[in-house]
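Undergrad: Have a look at this fold, sequence not included:
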């Protein structure tokens with residue numbers, strides 16, 4: 001007998017497959033419309049059409065909406081990366097978005113102590129208060145500690161995706177919150193933004209842009225890398241497992257610890 005949870009997952013997978021099919025058809029039509037415009041424009045259109053999948057992240061009710069590719073091989077060493085600190089994600093889940101406690105007039109800094117080096121991020125509490133508040137809360141709960149950066153994209157868009165304790169692209173903290181700071185959003189190198197599975201589905205997954213990237217303004221930008229962009233670029237230079245342009249990074253990138261501090 002199929003349980004309600006199994007049925008829900010089945011329906012979610014079927015919905016995802018329909019979405020992918022529609023996007024594939026849209027890409028095909030876009031290529032036809034733009035064939036005379038120039039290869040550069042055509043590539044940009046195709047890349048934009050695929051980003052909802054490429055930057056998929058989910059939580060709670062959309063766990064099967066945009067899962068990342070399953071790693072096909074064990075991660076191998078990349079120069080500059082070391083053995084991750086011992087420990088496992090605590091897997092905490094929360095029923096609702098945390099109460100707002102951030103000061104929108106204050107400055108906040110998030111530090112990612114990764115197995116490949118330290119990355120420092122200046123958070124924008126004024127323009128993305130709910131996002132920064134969520135990261136301050138989750139990092140205080142040590143939610144991100146010992147989690148893998150599970151996805152690297154090196155073709156079309158240039159991002160490293162992290163923040164999923166399951167390492168599959170389908171995990172989240174159990175709550176969702178709305179998009180922020182999308183008006184006029186761009187994604188130059190150093191941008192830190194939320195991954196999602198559609199409008200209003202932000203959870204814990206985020207991505208770091210290591211090279212100027214063209215994306216539609218659908219992903220909440222909430223920070224800027226102020227130190228350690230070379231760390232992310234080194235991870236990207238290590239490539240993707242299997243040699244493709246999107247999947248688990250060759251480098252074994254683990255967030256040993258994540259902290260968010262005010263001032």
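TA: Alright, I've got the coordinates. Remember, predicted model here, so these are calculated numbers, not experimental data.
Undergrad: in what helix or strand does residue 121 lie?
TA: According to DSSP states H and E, residue 121 maps onto strand 117-123.
Undergrad: Partner strands of that strand and their direction?
TA: strand 108-114 (antiparallel), strand 221-227 (antiparallel) (DSSP bridges).
Undergrad: Let me see the ranges of the helices in this protein.
TA: Counting by DSSP state H, the chain has helices at residues 4-34, 39-54, 129-140, 229-237.
Undergrad: hey, least reliable of those by pLDDT?
TA: When the helices of the chain are compared by mean pLDDT, helix 39-54 comes last with a mean of 34.
Undergrad: buried residues in stretch 191-206?
TA: 191-197, 201-206 (16 or more other CB atoms under 10 Å). C-beta here means a position set from N, CA and C on the backbone, and glycine is covered the same way.
Undergrad: okay if I get these as a markdown table plus pLDDT and distance to residue 115?
TA: Output for those, formatted as a markdown table (pLDDT from 0 to 100; distance: CB to CB, whole Å):
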| residue | pLDDT | distance to residue 115 |
| --- | --- | --- |
| 191 | 98 | 22 |
| 192 | 98 | 19 |
| 193 | 98 | 22 |
| 194 | 98 | 23 |
| 195 | 98 | 21 |
| 196 | 96 | 26 |
| 197 | 95 | 27 |
| 201 | 97 | 28 |
| 202 | 98 | 26 |
| 203 | 98 | 23 |
| 204 | 98 | 19 |
| 205 | 98 | 19 |
| 206 | 98 | 18 |
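Undergrad: Tell me which of the strands paired with strand 117-123 approaches residue 254 most closely.
TA: strand 108-114 (6.6 Å; CB to CB).
Undergrad: quick one: average confidence on the closest one?
TA: pLDDT averaged over strand 108-114 gives 98.
Undergrad: what comes into contact with it?
TA: For strand 108-114, contacts defined as CB atoms under 8 Å, 6 or more residues apart in numbering pick out 102, 118-123, 125, 132, 135-136, 139, 149, 162, 223, 226, 228, 231, 253-262.
Undergrad: What is the neighbour count of the nearest residue to residue 245 once chain neighbours are set aside?
TA: If the residues on either side of it in the chain are set aside, residue 245 comes closest to residue 155, at 3.0 Å by CB to CB, 6 or more residues apart in numbering. Counted with other CB atoms under 10 Å, the neighbours of residue 155 add up to 12.
Undergrad: correct me, but residue 155 touches residue 247?
TA: No: using CB atoms under 8 Å, residue 155 is not in contact with residue 247; the gap is 10.8 Å.
Undergrad: And residue 59, what's its pLDDT?
TA: 46.
Undergrad: got it, and residue 55?
TA: Confidence score, pLDDT, at residue 55: 71.
Undergrad: related to what we said a few turns ago, which ones among the buried residues of stretch 191-206 are found in strands?
TA: Counted as lying in strands by DSSP state E, out of the buried residues of stretch 191-206, are 191-194, 206.
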